[in-house]
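*Asks:* One predicted model, sequence on top.
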Amino acid sequence: MNAVNILCQTARMPPKPYHHGDLQRALLDAAIDVVRSDGIAALSLRDLTKAVGVTPSAAYRHFPSRDHLIAAVAMLSREELARHLLAARDAVPARGTAQRRSVARFEAIGHAYVAFAVAHPRVFEAAFTACPVILERTEDPRAWEVLIAAIDEMAELGAIQSARRKDAPIIAWAGVHGLANILTASVVPPGVEADRQIDAVLKAIYRSIS
């Protein structure tokens, strides 16, 4: 067998197949890249299969429809947001009273939520894209649970009234989510400092639940 035959046979060799489980991850990684650059509306299973180098039928085994793909990408986006919140919470210095630290962690989560939305608007949009498909996999971590834990900590340490504990999560979420949407939509008047607005909203939220 000469070198020409070897080269011809090599050229005809099919791409190395994905091992079990790798294709789904590769498709999701490619989907997240699309979301970061063009938004979730640009997602197409056919385009992703071309990018990854597989047939559409192979992709459909993992994502039977575009809705299944969007549901998976939305969950990954929410998990990325949740990890951002956890990192901000854990970065709060261990100083002051335990009660004050609990409030500082709560505020850090709020700041991180809005900061994530501003820094990654397309991922933030994807995280809250409505989809009829319910995935079997459990979301981990969950941003809602990060918030619940912070509020529970404040309640246990007396930083907020126990009577306000039940309604505190939705009040807090609505406040920061609303501000995040305002800032990502670029409807804030010129000259208004985003950090100052975040501080003002977080203080108003805390006053409403304390």
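*Replies:* Sure, I can see it.
*Asks:* what about Val123, how many residues close to it?
*Replies:* By other C-beta atoms under 10 Å, the residues close to Val123 number 23. For the C-beta atoms, the positions are set from N, CA and C on the backbone; glycine is no exception.
*Asks:* Show me what secondary structure element comes after the one helix or strand in the chain whose mean pLDDT sits lowest.
*Replies:* Across the helices and strands of the chain, mean pLDDT, DSSP states H and E gives its lowest value to helix 3-12, namely a mean of 39. Note on helix 3-12: by DSSP states H and E, the next helix or strand toward the C-terminus is helix 22-38.
*Asks:* So what's the gap between that next one and the chain middle?
*Replies:* 14 Å (C-alpha atoms, centre = their mean, to the nearest Å).
*Asks:* I'd like the mean pLDDT over it, please.
*Replies:* Summarised as a single mean, pLDDT over helix 22-38 is 95.
*Asks:* just checking, what packs against that helix?
*Replies:* Here helix 22-38 touches helix 45-52, helix 56-60, helix 66-90, helix 121-127, going by 3 or more C-beta pairs under 8 Å, 6 or more residues apart in numbering; DSSP states H and E.
*Asks:* One more pass at 6 Å, please.
*Replies:* Packing partners of helix 22-38 (3 or more C-beta pairs under 6 Å, 6 or more residues apart in numbering; DSSP states H and E): helix 45-52, helix 121-127.
*Asks:* how much space between Glu107 and Val114?
*Replies:* 11 Å (C-beta to C-beta, to the nearest Å).
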